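Trainee: sharing a sequence plus its predicted fold:
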Amino acid sequence: MNVKICYEPFDAWEEIRQYQKAFVDVVGKYGATSLFIGTMRDFNEGETIQSMSLVHYPGMTEKQLHKILVEAGQKWKILDALIVHRVGEIRPDDSIVLVAVWSAHRGDAFDACRYIMEALKSTAPFWKKEVLESGQQRWVEKNTDGYRKI
Amino acid sequence: MNVKICYEPFDAWEEIRQYQKAFVDVVGKYGATSLFIGTMRDFNEGETIQSMSLVHYPGMTEKQLHKILVEAGQKWKILDALIVHRVGEIRPDDSIVLVAVWSAHRGDAFDACRYIMEALKSTAPFWKKEVLESGQQRWVEKNTDGYRKI
Amino acid sequence: MPPKAADYCVVARMLVSIKVRYFASLSEKAGKSESDMAVSRTLKVSEVWRLDTGGIAMPDNLLAAVNMEYADLEAQVYDGDEVAFFPPVTGG
Amino acid sequence: MPPKAADYCVVARMLVSIKVRYFASLSEKAGKSESDMAVSRTLKVSEVWRLDTGGIAMPDNLLAAVNMEYADLEAQVYDGDEVAFFPPVTGG
């Protein structure tokens, strides 16, 4: 299980491909991979967003993300899991987060991937500051609950 | 929304990357991508599996998969969705199925991806015949329910 | 203009062509993967099975499709239709 | 061997060093992103906020961590600890 913080743009597909190359011992064991990729949109709460600054708490972020992966591993049967999260100056269409879970069966992979994503959104110390079209900046105040239907 | 049947091995990450290249009109609009990849395991029901033959009903398969995508689009707000499914002779570690859903928010992407996968597993006309270590062949009799905890 | 007697005769001798397909374990059970039936009336899906397989017992979990859409065993089959029989699907 | 009076004196003059960090909107509110406090006793997290910010009203949704783990505002802070204050997280 691995956590990676990226200071530069990352290619989610390439990250996964590279990570899977090291999968010598679980080849043939995993039947299910569930992934989530969060991508920067060019709109939020009715405004056009030019760019975004993503700050984090180095040290606590990694600690908290590892904790989330361990918790997911206690709740579901997972073979491996990966979190990649971007920080720094972000542009629309950049990947912000990648969560991947590998398991023998799909129920575990889906549930664990979603759990990790929700736990990350509500507890991992990252904060977004948006730059609006006008150049005005604003902190994003809170994340929504992804399980709730909007 | 697109459906693709592959007669040869496919690289899930490359399929996605290529598919996203055509995303001119939704760039900046999707904040969430949920993916599922089903991979061939080398074991099933207590037996080692050498290879597998995946047969389908050409014509009905595509029709049924499109129907599933349309239904998902009626239930959730999705911007695009893709299903890639392999048929033919399959080896352990080969990708069998890829489901990808793009939407503005993660709740819709997660829910729709899982729905599509479960609907595919229970209604799309594909059948697996496993070749065991002994060379003996057997048809897989039924798929399990991926929402139920095993 | 009222139809003439000859027209009725043509109708009575109508030919209903049905394409039948079997998939996965059912093609092994039926001993064929497809056949073309020609009958003189429309049939129910279950009758297609009975006539085309020569009366092989219908499996409990049999699924059927007419023209590539899932169909009930009681559904009616018309001339030119394609009827398929298969076991529970196991893709994905 | 019982402690000597001199040892008690040393204990009474103990120095508690605490690193304080502020993130996101709270670093703007506090006017700093970090500071080093030196006090003569252990403090609760809420006291660290009060003393280090000079009494800025505590936001309702304030979150705190001690040594990079979420902590209650009533939690005790010891010498060498790092205390962080931040608003609700918005990553992902």
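Mentor: Happy to help now that I have it. Numbers count the residues shown, from 1 in each chain, chains lettered A, B, ... in the order given.
Trainee: check whether the helix or strand bottoming out on mean pLDDT in chain A contacts chain B.
Mentor: The weakest-scoring helix or strand in chain A, judged by mean pLDDT, DSSP states H and E, is strand A:43-44 (a mean of 90). Yes: for strand A:43-44, a contact with chain B is found by C-beta under 8 Å from any C-beta of the partner chain, at A:Phe43. To be clear about C-beta, it is placed using only N, CA and C from the backbone, and glycine gets the same treatment.
Trainee: tell me the strands beside that strand, with direction?
Mentor: Using DSSP bridges, the strands paired with strand A:43-44 are strand A:47-56 (antiparallel).
Trainee: pull out the buried residues from the strand it pairs with.
Mentor: Neighbour-count burial for strand A:47-56, counted by 16 or more other C-beta atoms under 10 Å in any protein chain shown, picks out A:Ile49, A:Gln50, A:Ser51, A:Met52, A:Ser53, A:Leu54, A:Val55, A:His56.
Trainee: list the residues that contact the residue in chain C that chain A sits nearest to.
Mentor: Closest residue of chain C to chain A, C-beta to the nearest C-beta: C:Gly92 (8.1 Å). Contact analysis of C:Gly92 by C-beta atoms under 8 Å, 6 or more residues apart in numbering or on different chains lists B:Gly38, B:His85, B:Ile96, B:Val97, B:Met117, B:Leu120, B:Lys121, B:Ala124, B:Phe126, B:Asn143.
Trainee: just checking, the fifth one touches B:Phe36?
Mentor: This points to B:Met117. Yes: counting by C-beta atoms under 8 Å, B:Met117 touches B:Phe36, with 5.1 Å between them.
Trainee: any common contacting residues for the two?
Mentor: Taking C-beta under 8 Å, 6+ apart as the contact rule, B:Met117 and B:Phe36 both touch A:Arg106, A:Phe110, B:Val97, B:Val99.
Trainee: dihedrals phi and psi, the residue in chain C positioned nearest to chain B?
Mentor: Minimum separation of chain C from chain B (C-beta to the nearest C-beta) falls at C:Gly91, amounting to 2.5 Å. Dihedral angles of C:Gly91 (phi, psi; degrees, to the nearest 10) stand at phi -80, psi -170.
Trainee: my read: it touches B:Tyr57, true?
Mentor: No: the pair C:Gly91 / B:Tyr57 is not scored as a contact, 10.3 Å apart, by C-beta under 8 Å.
Trainee: what about the two, which has more around it?
Mentor: When C:Gly91 and B:Tyr57 are compared for neighbours, C:Gly91 comes out ahead with 25 against 21, by other C-beta atoms under 10 Å in any protein chain shown.
Trainee: what's across from the residue lying closest to the more buried one once chain neighbours are set aside in the sheet?
Mentor: In space, and not counting its chain neighbours, C:Gly91 is closest to B:Phe126: 2.5 Å by C-beta to C-beta, 6 or more residues apart in numbering or on different chains. Beta-bridge pairing for B:Phe126 (DSSP bridges): B:His56.
Trainee: measure B:Phe126 to C:Thr90 for me?
Mentor: Distance, B:Phe126 to C:Thr90, using C-beta to C-beta, to the nearest Å: 7 Å.
Trainee: same deal with C:Leu15?
Mentor: For C:Leu15, the distance to C:Thr90 equals 37 Å [C-beta to C-beta].
Trainee: likewise C:Trp49?
Mentor: Distance of C:Trp49 to C:Thr90, given as C-beta to C-beta: 21 Å.
Trainee: next, the residue sitting furthest away from the middle of chain A: phi, psi?
Mentor: The C-alpha centroid of chain A is most remote from A:Ser134, which lies 28.6 Å away (C-alpha atoms, centre = their mean). Here is the backbone geometry of A:Ser134 (degrees, to the nearest 10): phi -70, psi -10.
Trainee: who in chain A is up against chain B?
Mentor: Near chain B, when you scan chain A using C-beta under 8 Å from any C-beta, you find A:13-14, A:16-17, A:27-43, A:92-93, A:104-107, A:109-110, A:113-114, A:117, A:144, A:146-150.
Trainee: got a quick PyMOL command for the buried subset of these?
Mentor: Of the residues of chain A next to chain B, the buried ones go into a single PyMOL selection, burial set by 16+ other C-beta under 10 Å:
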select buried, chain A and resi 13+16+28+29+30+31+32+33+34+35+36+37+38+39+40+41+42+92+93+104+105+106+107+109+110+113+114+117+146
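Trainee: beta-bridge partners for the residue nearest in space to the middle of chain A, please?
Mentor: Centroid check for chain A by C-alpha atoms, centre = their mean gives A:Val97 as the closest residue, at 3.2 Å. On the basis of DSSP bridges, A:Val97 is bridged to A:Gly38, A:His85.
Trainee: what residues does it make contact with?
Mentor: A:Phe36, A:Ile37, A:Gly38, A:Ile83, A:Val84, A:His85, A:Arg86, A:Met117, A:Leu120, D:Gly91, D:Gly92.
Trainee: close enough to count as contact, C:Ser46 and C:Thr53?
Mentor: No: the criterion here is C-beta under 8 Å, and C:Ser46 misses it with C:Thr53 at 11.0 Å.
Trainee: looking at these two, which is more packed in?
Mentor: Remark: of C:Ser46 and C:Thr53, C:Thr53 carries more neighbours, 19 against 16, as counted by other C-beta under 10 Å.
Trainee: who are the contact partners of that one?
Mentor: Going by C-beta under 8 Å, 6+ apart, C:Thr53 touches C:Lys29, C:Ala30.
Trainee: distance of it from C:Ser27?
Mentor: C:Thr53 is 11 Å from C:Ser27, by C-beta to C-beta.
Trainee: thinking again about what came up before, what about the residue of chain C closest to chain A, which SS state?
Mentor: Under DSSP: H, G, I helix; E, B strand; the rest coil, the three-state class of C:Gly92 is coil.
Trainee: quick one, phi/psi of the one residue in chain A that gets nearest to chain C?
Mentor: Residue nearest to chain C within chain A: A:Arg106 (8.1 Å; C-beta to the nearest C-beta). With angles defined as degrees, to the nearest 10, A:Arg106 sits at phi -70, psi -30.
Trainee: relative to chain D, how far out is it?
Mentor: The gap separating A:Arg106 from chain D is 23 Å, by C-beta to the nearest C-beta, to the nearest Å.
Trainee: how about the contacts made by the closest residue to that residue other than its chain neighbours?
Mentor: Distances taken as C-beta to C-beta, 6+ apart put A:Ala32 closest to A:Arg106, at 4.1 Å, once the chain neighbours are dropped. A:Ala32 sits next to A:Trp102, A:Ser103, A:Ala104, A:His105, A:Arg106, A:Asp108, A:Ala109, A:Phe110, B:Phe36, B:Ile37, B:Gly38, B:Thr39 when contact means C-beta under 8 Å, 6+ apart.
Trainee: who's in contact with the third one?
Mentor: Contacts for A:Ala104 were tallied using C-beta under 8 Å, 6+ apart; they are A:Lys29, A:Tyr30, A:Gly31, A:Ala32, A:Lys77, A:Leu79, B:Arg41.
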